[in-house]
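Trainee: Sharing a sequence plus its predicted fold:
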Amino acid sequence: DSGVTQTPKHLITATGQRVTLRCSPRSGDLSVYWYQQSLDQGLQFLIQYYNGEERAKGNILERFSAQQFPDLHSELNLSSLELGDSALYFCASSPRQGESTEAFFGQGTRLTVV
Amino acid sequence: AQSVTQPDIHITVSEGASLELRCNYSYGATPYLFWYVQSPGQGLQLLLKYFSGDTLVQGIKGFEAEFKRSQSSFNLRKPSVHWSDAAEYFCAVATNFGNEKLTFGTGTRLTIIP
């Protein structure tokens, strides 16, 4: 158990809908990262938040957004869903920036768009 | 931009045999290199990482990896595999010290035969 909790574990929704994925980082971790794992694109970095602020952006679509709340949990919002958004979405957390630290991954949320 | 290549999509080895998984990276400066393992239905677990210093790094579960700058490689090895090592293995690179925004390779699926 990495200490990173993602909910829900599975999500099935229709095209055009909007969903919210939730991530609770390890206790005390300030950084949260979101990754997408799909058959087409492999594992891709989407976005990073550090202590509530966006810190780095990767290949995140405009239909997707994220935020990190004062209690440090994070949510990834996916809207206008398309079939191609079906993927495993991982959250990871790490303690602080500027240090040699490891990112701890949650077990992921499997999103199926039908 | 940095990139990671894992040339072997699928490798099959016998239990007790040695293992080497290949990883090549492309990055102009000193990379920060990682190997992660993903078991079915699980998140990613860090096996080992290289930031600086000794180019041969030891990880968990008996794995080791060697950083070779001249070959831009960071191959993962294990002298004797166990059936429980069957999983998907990902090599990843980060470009900023302490920044875990990772660029992943496409992964190598390891099958163990009795």
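Mentor: Structure received.
Trainee: Pull the contacting residues for A:Y49.
Mentor: When contacts are counted by C-beta atoms under 8 Å, 6 or more residues apart in numbering or on different chains, A:Y49 touches A:S31, A:V32, A:R55, A:A66, A:Q67, A:Q68, A:S74. Where C-beta positions appear, they are placed from N, C-alpha and C, glycine not excepted.
Trainee: Greatest separation within those: which pair is it?
Mentor: A:S31 and A:Q67 (14.0 Å; C-beta to C-beta).
Trainee: These two: which has the busier surroundings?
Mentor: Higher neighbour count among A:S31 and A:Q67: A:S31, with 26 against 15, using other C-beta atoms under 10 Å in any protein chain shown.
Trainee: Can you tell me who that one pairs with across the strands?
Mentor: A:Y50, A:S94 (DSSP bridges).
Trainee: most neighbours, which of the contacts of A:Y49?
Mentor: For these, neighbours were counted using other C-beta under 10 Å, and A:V32 has the most, 31 neighbours in all.
Trainee: Quick check: closest non-adjacent residue to that one.
Mentor: Counting by C-beta to C-beta, 6 or more residues apart in numbering or on different chains, A:S74 is the residue found nearest to A:V32 once chain neighbours are left out, at 4.2 Å.
Trainee: What about residue 86, how many residues nearby?
Mentor: I went with chain A, as the question did not name one. Residues near A:S86, counting by other C-beta under 10 Å: 18.
Trainee: Hmm, no, I was thinking of chain B.
Mentor: 17.
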